[in-house]
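Engineer: model this:
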Amino acid sequence: MNGSLKNILPDDPAVIKTLKNLGILNAKGNEIFYNCVVFPIYDTDGTIVNLYGRNIDPAHGVSHLYLAGSRSGLVNRQAVPRSASIILTESIIDAVTLYDQGFTNVIPAYGVNGVTEDHLVLFNGAVTEVYLCFDSDQAGKDGAAQAAAQLQKKGITVYTVELPDKDITIYFNRHTPEEFEQLLKDANPASVEQSDSLNKRKQTLYQQEEHGFTVGYATRQYQVKGIQRGDTQLKATIKVSEDVSSSKPFELTTIDLYSSRSRHWFAKLCADLFAEPEALIKEDLAKLLQLVEQWRPEKQEQQHTEISTGDKELALSFLKSYDIFAALLTDFDTLGVTGEKINKLVGYLAATSRKLAEPLSVLIQSRSAAGKSTLQDAIISLIPDEEYIKYTRVTDQALFYKEEDSLVHKILAIEEAEGMGGAAYSIRTIQSAKKITVAATGKDANGRMKTEEYTVNGPVCVMITTTATEIDQETASRFIFLTIDESAAMTGAIHQRQREAETLAGLIREKKQHTVTRKHHAVQRMLKPLAVVNPYAEYLSYPSHSLRARRDHKKYLGLIRAVAFLHQYQREIQTVEVDGTLVEYIEVTLTDIETANRLANVVLGQSMDELVKPSRTLLSKIYEMVKEQAEQNNAPIDEIFFTRRMIREYTGWSDWQVRAHIKQLEEMEYIGVRTSSRGKEYSYILTYQGQGEEHQERCYLNLTSVEQIEALMNREDEALPRG
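Structural biologist: From the prediction side, this is the model:
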């Protein structure tokens, strides 16, 4: 009241007299409750029986005022039917403050000596415990002691709350409801949360799930799935219900949590569903936003598949066999893969090298329908399911958001190089740097922009197939190229195998395939993560006339390591102490180097050729065709003109295949182009003279042979001083 009451009262002496008799006006006609916030006090019938005033300026006047006469009536008497636990405050203003903070089970006393008969009658038999929240001054402490004695006589358990501030109202100017809950727990450690406001906001559930999580606040549950992060978006599919696992009414939608409009619209839907204030739902969404930003897929625990005794025996027999590679080729033959001996061995070694610190990666290249996918699938079929990840297509940013260690020592297989798309950069980086990191912008719960980092670790073995004639050199230099045999003889052998598959022998071989894959899964699981040391490394050599040879040399050394690693069950496992840690390793043998040399001369030797293998094959076919025509016409080779149609008819290649590979021959000037006077009809002339055609199995590398290594070692021994 601000002193304006008498100015608005009717000019009626009877009204003034009544207000004076009630004590609302003093003898001079001024307000008793001047400068006070005034609250009515009701009896059980809802009749106002008293007034309470709280002075807003306690320094000038009495802090708490009541009408003259006995204290009667209660504030918030409806709290008792709702709760057997009551908070009793010293004043009405303190009770109102608590109620505003969500503590609705509150009833005020009439000051320090203000527990009345009305209180005791109301509490009798209905209230089991009372928390006394009186002022912290001496009068308040004395009043609390007196009130406790009165209540205890009625069999009510009493807890006294120690306030760090003078009273409740001052306390909440400085503290939160959560801190007041702690005061209640300090008074009674067994107490439960009593604030309705807090209970409505209390997190009651959090359950991590495979594709998201479910969180609950009071009776509201949010199931979040399909989380998609972008630089400026954070999308999620959210199901909302009192119980998301039941058939209760629900809302289900996909929203962008970074969009204010999207959150506002969704809050309205949820507010209607739960019959709660929209502001409360917006608080939920702010918490959800933080949880979604923090969410990461659960790390899959390493699967430790038990190996059966039978599979273990088969695996050990393979790992200890005199000629592992002969046994491996036999197994590939059982799987139905015809020919491609070198490619099978190198592909399997690359897949096995995933367990090493520097894995090999392979790119299988051929024309369409030549069998590159068949080879890739056969190799991967021998690797346990938990050890590889295969994709048809990888989007630009996809790898950056995988689980941090989900690619460590795994195979990443992509069906076609075109499927890499913009992800080629991240694939190259994780091959070289053994990890990739991206910094993405997002928003925090307050809408402020922030930077988040995502890291995915390697090492990883990458296996890709392609029909492309030209591969980006940055990508190509990180792979060992395996080219498929596209000869007519190989096609005939494949046809023979396909026909054989229809026979009884084919049926028997098909039934054996499961045993082969089980055996190799056991082999891969039994290979231990050992280091490989090459005591002959100083004697090795590799061509050094090109920059690409720097990476190819590492592939050569990696082939040697992979060969030795696969033979670990035939080698002595040695140890060396490094900074107090024992490191287990095996050593490379000369036999390993001999095997690696044989493989490297084929698969790495191709990288020294300026033409890809299919283009080189086409060049040889064109040379044969032109040479035959030159002999028939008794003319030099460089005077014979030919067209793409003539090439197609001679080779049996499709027009698309000829167009794809003849382009590289033009660019590398192995053939010349002549157009007709109309400029539309093309013909070609061969500028290549067949250099090296008689040596189809070319060796470009000139690697140090085992015999040369032994000779160098003997020479060193002879140079040692004799004792």
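
Engineer: Can you give me the distance of Lys268 to Glu283?
Structural biologist: Applying CB to CB, to the nearest Å, one obtains 14 Å for the distance of Lys268 from Glu283. In short, each C-beta sits where N, CA and C put it, glycine included.

Engineer: Please read the previous query as pertaining to Gly492.
Structural biologist: From Gly492 across to Glu283, the span is 73 Å (CB to CB).

Engineer: higher neighbour count, the two?
Structural biologist: Neighbours per residue, other CB atoms under 10 Å: of Gly492 and Glu283, the larger number sits with Glu283, 15 against 11.

Engineer: ok, for the residue positioned nearest the centre of the chain, nearest residue in space, not its chain neighbours?
Structural biologist: Within the chain, the residue whose C-alpha comes closest to the C-alpha centroid is Glu403; the distance, by CA atoms, centre = their mean, is 3.6 Å. The shortest distance from Glu403 to any residue that is not its chain neighbour, by CB to CB, 6 or more residues apart in numbering, is 5.2 Å, and that residue is Pro297.

Engineer: same question, Asn50
Structural biologist: In space, and not counting its chain neighbours, Asn50 is closest to Ile41: 4.0 Å by CB to CB, 6+ apart.

Engineer: my read: that neighbour touches Arg77, true?
Structural biologist: No. Counting by CB atoms under 8 Å, Ile41 sits too far from Arg77 to count as a contact (10.2 Å).

Engineer: Looking at the two, which is more packed in?
Structural biologist: Ile41 (20 against 15).

Engineer: now the more buried one, what's its secondary structure?
Structural biologist: Remark: Ile41 carries the secondary structure label strand [criterion: DSSP: H, G, I helix; E, B strand; the rest coil].

Engineer: Show me what Thr466 bridges to in the sheet.
Structural biologist: When bridges are taken as DSSP bridges, the partners of Thr466 come out as Gln365.

Engineer: OK, contacts around it?
Structural biologist: Contacts here follow CB atoms under 8 Å, 6 or more residues apart in numbering; on that basis Thr466 touches Leu363, Ile364, Gln365, Lys372, Glu416, Ala417, Glu418.

Engineer: how about 10 Å then?
Structural biologist: 363-366, 372, 414-420, 475-476, 479, 481 (CB atoms under 10 Å, 6 or more residues apart in numbering).

Engineer: What are the boundaries of the strands in the stretch 201-350 of the chain?
Structural biologist: Listed from the start of the chain, the stretch 201-350 of the chain has strands (DSSP state E, counting those that start in this stretch) covering 203-209, 212-217, 220-229, 234-241, 250-256.

Engineer: Report the buried residues of stretch 239-257.
Structural biologist: Of the residues in stretch 239-257, Lys239, Val240, Ser241, Val244, Ile255, Asp256, Leu257 count as buried by neighbour count, 16 or more other CB atoms under 10 Å.

Engineer: Relative to Thr617, which of the strands of the stretch 201-350 of the chain is closest?
Structural biologist: Ranking the strands of the stretch 201-350 of the chain by distance to Thr617, with CB to CB as the measure, places strand 220-229 first at 45.1 Å.

Engineer: what angle separates that closest one from strand 212-217?
Structural biologist: Orientation note: strand 220-229 sits at an angle of 150 degrees relative to strand 212-217 (axes from the mean of the first three to the mean of the last three CA atoms, to 10 degrees).

Engineer: Strand partners (parallel or antiparallel) of strand 220-229?
Structural biologist: Strand 220-229 has its sheet partners listed here by DSSP bridges as strand 212-217 (antiparallel), strand 234-241 (antiparallel).

Engineer: any idea of the mean pLDDT for that strand?
Structural biologist: Per-residue confidence for strand 220-229 averages out to 88 on the pLDDT scale.

Engineer: Okay, buried residues for stretch 86-102 please.
Structural biologist: Across stretch 86-102, burial judged by 16+ other CB under 10 Å covers 86-99, 101-102.

Engineer: Can you pull the phi/psi pair for the closest residue in space to Arg174 that isn't next to it in sequence?
Structural biologist: Spatial nearest neighbour of Arg174, excluding adjacent residues (CB to CB, 6+ apart): Asp165 at 6.5 Å. With angles defined as degrees, to the nearest 10, Asp165 shows backbone torsions of phi -120, psi 170.

Engineer: how about low-confidence regions in the stretch 601-723 of the chain?
Structural biologist: Screening the stretch 601-723 of the chain residue by residue with the criterion pLDDT under 70, one finds the ranges 606-610, 676-681, 689-701, 720, 722-723.

Engineer: at 80 what do you get?
Structural biologist: Scanning the stretch 601-723 of the chain for pLDDT under 80 picks out 605-614, 616, 638, 654, 657, 660, 668, 674-682, 688-702, 716-723.

Engineer: mind listing the helices for the stretch 151-300 of the chain?
Structural biologist: Secondary structure of the stretch 151-300 of the chain (DSSP state H, counting those that start in this stretch): helices at 168-171, 177-187, 196-201, 260-274, 278-294.

Engineer: average model confidence for the longest one?
Structural biologist: Model confidence over helix 278-294, given as mean pLDDT, is 87.

Engineer: Who are the packing partners of it?
Structural biologist: In terms of contacts (3 or more CB pairs under 10 Å, 6 or more residues apart in numbering; DSSP states H and E), helix 278-294 is packed against helix 196-201, strand 203-209, strand 212-217, strand 220-229, strand 234-241, helix 260-274, strand 435-443, strand 449-457.

Engineer: Wait, the residue nearest to Arg174 touches Tyr171, no?
Structural biologist: Yes. At 4.3 Å, Asp165 counts as touching Tyr171 under the criterion of CB atoms under 10 Å.

Engineer: For these two, work out which one has more neighbours and name it.
Structural biologist: Neighbour comparison, Asp165 and Tyr171: the larger count goes to Tyr171, with 21 against 14 (by other CB under 10 Å).
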